[in-house]
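**Q** what follows is a predicted protein model with its sequence.
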Amino acid sequence: MRNARGRRSRSSPTRVAGKFVPAVIGIAILAFIAWATWGPAPAFSYGLVAVVAVLIIACPCALGLATPMSIMTATGRGAQAGVLINNAEALERFARVDTLIVDKTGTLTVGKPKLVAVLPAAGHEEDEVLRLAASLERGSEHPLAEAIVRGAAERGVELAKADEFEALTGKGVKGVVDGQAVALGNAALLTELGLDGGSFGEAANARRDEGEAVMFILIGAEIAGLASVADPVKESTPEALKALHAEGLTIIMATGAGVAIASAGFTLVKGDLNGIVRARRLARATMRNIKQNLFFALVYNAAGVPVAAGILYPFLGILVSPIFAAAAMSLSSISVISNALRLRSVRI
């Protein structure tokens, strides 16, 4: 991965191992030379024992387990919390990011557009305008059309049959309802028909500024009114946004629900933005856990390698055997695994 300045960075275990392994080999060689030169008879045998013990006790199994075990456990914990972590890099980087791009539909919003207003023109009844629009839109599969039809049903408006239905790509729909030519669409439809939105254009712009989708309803060549549809914001969204801001994140909204999923590092199972709050906390807990694992592994080796090399022999007569070194090496791995498993119960 690359850091904020574009330079390629390596994971912590890789950087540590790059310095640790040569150091251990150097200590093993020095231990052999020291035992072979100044050790008691049989000096050569003592030297071999020291070399083998150092290499075994310093086997970097714990270092190799430090990150994968934490990532694996965190991935499972994230799934339990309703967050699918698509790759380990996303989890590691999420603990450090300061900008978050989130999908709109189904994440910030309910994902089910709703009819919020019908504004009839002078001389037209609201229910009649809605009846004509919904009757026409019943032939469309567009989510906005479904919202208008559903809104009419909720208001108890009875629909009629629409004939000569035609979808105008990128503009709207038109047809015939009860013998009347009816059309419904956006400003591009008005332009095609040579109509000026007038005051309705200003009303439509004002509602678009509020995040609503606005459609002009035409009967014949006359604008009969406006239909406004919006995707309601989830009740949990404001609280989740506050929590994310408290975590130091800048939020950017994106649209287009297929592109977002394909490129996302995290996917919310339930579409609840609070899942991202939990993911942020989990990412930070995971990075702390990885650092703890690396600390355990390094402290263990910092203490174990000198003992295995025989530093206590002149003072206490203690020389670690390869068998004991193997047992100690296994215990270091167990400590790392046990610490990583604590992520399963971390509160996020």
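**A** Ah, there it is. Just so we're clear, the structure is a prediction, and the values are computed from it rather than from any experiment.
**Q** how about residue 197, nearest residue that isn't a chain neighbour?
**A** Nearest residue to residue 197, sequence neighbours excluded (CB to CB, 6 or more residues apart in numbering): residue 190, at 5.7 Å. (Glycine included, C-beta is placed from N, CA and C.)
**Q** same check on residue 239?
**A** residue 274 (7.4 Å).
**Q** show me what contacts the residue nearest to residue 197?
**A** With contacts defined as CB atoms under 8 Å, 6 or more residues apart in numbering, the neighbours of residue 190 are 196, 197, 216, 223.
**Q** using the three-state scheme, assign it.
**A** On the three-state scheme (DSSP: H, G, I helix; E, B strand; the rest coil), residue 190 is labelled helix.
**Q** from residue 214, how far off is it?
**A** 12 Å (CB to CB, to the nearest Å).
**Q** ok, residue 85 next?
**A** 39 Å.
**Q** grab the most central residue of the protein for me.
**A** Geometric centre of the chain, nearest residue: residue 266, 2.4 Å, by CA atoms, centre = their mean.
**Q** what are the buried residues along the longest helix along the chain?
**A** The single longest helix within the chain, with elements called by DSSP state H, is helix 274-309. By neighbour count on 16 or more other CB atoms under 10 Å, the buried set for helix 274-309 is 274-283, 285-287, 289-290, 292-294, 296-297, 300-301, 304-305, 307-309.
**Q** please name every helix or strand in contact with it.
**A** With contacts defined as 3 or more CB pairs under 8 Å, 6 or more residues apart in numbering; DSSP states H and E, helix 274-309 has these neighbours: helix 12-38, helix 43-57, helix 61-80, strand 83-85, helix 88-94, helix 237-246, strand 266-268, helix 322-341.
**Q** how many residues are close by residue 57?
**A** 25 (other CB atoms under 10 Å).
**Q** verify the contact between it and residue 320 for me.
**A** Yes: under the criterion of CB atoms under 8 Å, residue 57 makes contact with residue 320 at 7.1 Å.
**Q** overlap in contacts of the two?
**A** With CB under 8 Å, 6+ apart, residue 57 and residue 320 have common neighbours 307, 308, 328.
**Q** closest one of those residues to residue 230?
**A** Residue 230 lies nearest to residue 328 out of the shared contacts of residue 57 and residue 320, by CB to CB, at 64.5 Å.
**Q** can you report how many residues neighbour the closest one?
**A** 18.
**Q** out of everything not next to it in sequence, what's closest to residue 163?
**A** residue 176 (4.6 Å).
**Q** pairing partners for the host helix or strand of that neighbour, with directions?
**A** For residue 176, the host element (DSSP states H and E) is strand 172-177. Strand pairing for strand 172-177, determined by DSSP bridges: strand 162-168 (antiparallel), strand 180-185 (antiparallel).
**Q** quick one: contacts of that strand?
**A** Residues lying outside strand 172-177 but in contact with it, judged by CB under 8 Å, 6+ apart, are 132, 135-137, 139-140, 145, 160-168, 181-186, 188-189, 215-216.
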